[in-house]
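Asker: task: produce atomic coordinates for the following.
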Amino acid sequence: MKTARFRFEGEVYEAEAYDYGLEVDGEVYAEMDVELLPPCEPSKIVAVGRNYVEHAEELDNVVPEFPLFFFKPPSALVGGGGEIRYPAETDDLHYEGELGVVIGERCRDVAEGEALDYVRGYTCVNDVTMRDWQERESQWARAKGGDTFCPVGPYLVSAADIDPSDLDIETRLNGDVVQSSNTRHMAYSVEEIVAELSRYMTLEPGDLIATGTPEGVGAMERGDHVEVEVEGVGVLENEVV
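Answerer: Numbering: from 1, shown residues only. This next block holds a predicted model:
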């Protein structure tokens, strides 16, 4: 099952998403007529760095001996169809297509074998990054935490319908494929990520985990159209302005 959140005439709705539109209590809305919102409302966004060997290597890094976590603030969220703002403070704004994991139940100290029981579903994420700033400082709040630096959506697909261990991920820039990989190449699986993260903090319903990006990251320019597609989940599309 796919769900989406949207705003229509000032009201926010959560809908079931179908090929023919977004359905709320029997009423159908066309996606072109609404403002798509992020499909979750996280208290926190936790991302995983260097979780694909080839991506770590392309940035002259190595995969860490444990998952490398960092935060993006909820103010970074933007939905499918929303605009990615290109800040004046950077000359090197990058796309990073990723699988997003949305928590469904409050949890702490979860065993790896039970971790997926606490997942509500999966979505698409673009971990937008000011690469020049990432290289200038050891903490990434500035490089990865800006407004609109976390496009997510457009849908949330039920965890019961997805095997996160074997999903194709593709990023396209102005129609050209720039990233193409599969979640089976992640150094740390979704189960490992959720279990490890829950050792240190309570995960709340709606919290979003971005599981890392594969190789092929690169620069976006103003006017570019970027798409992140995760197999079985959907296509996240945003314009850079």
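
Asker: can we go C-alpha only for contacts and neighbour counts from here?
Answerer: OK.

Asker: quickly list the domain ranges of the protein.
Answerer: Per automatic domain parsing, the structural domains of the chain span 1-37, 38-240.

Asker: could those domains be laid out in TSV, adding mean neighbour count?
Answerer: Output for the domains of the chain, formatted as TSV (neighbours: other CA atoms under 10 Å):
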stretch	mean neighbour count
domain 1-37	15
domain 38-240	20
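
Asker: let me see the contact set for the residue sitting nearest the centre point of the chain.
Answerer: Closest to where the C-alpha atoms of the chain average out (CA atoms, centre = their mean) is Val125, at 2.0 Å. By CA atoms under 8 Å, 6 or more residues apart in numbering, the contact list for Val125 reads 96-100, 150-153, 210, 228, 236.

Asker: next up, identify which helix or strand it is on.
Answerer: strand 119-126 (DSSP states H and E).

Asker: what distance do you get for Ser158 to Glu58?
Answerer: 33 Å (CA to CA, to the nearest Å).

Asker: Ala4 now?
Answerer: For Ala4 relative to Glu58 (CA to CA), the value is 34 Å.

Asker: so where's the longest helix in the chain?
Answerer: Secondary structure of the chain per DSSP state H: the longest helix is helix 190-198.

Asker: tell me which strands whichever helix or strand comes after that helix pairs with, and in which orientation.
Answerer: Next in sequence after helix 190-198, counting helices and strands by DSSP H and E, comes strand 208-210. Strand 208-210 pairs in its sheet with strand 45-49 (parallel), strand 97-103 (antiparallel), by DSSP bridges.

Asker: ok, back up a step: list just the nearest of the contacts of Val125 to Asp166.
Answerer: Using CA to CA, Leu99 comes nearest to Asp166 of the contacts of Val125, at 11.0 Å.

Asker: residue contacts, the closest one?
Answerer: Leu99 neighbours (CA under 8 Å, 6+ apart): 122-125, 169, 183, 210-212, 230.
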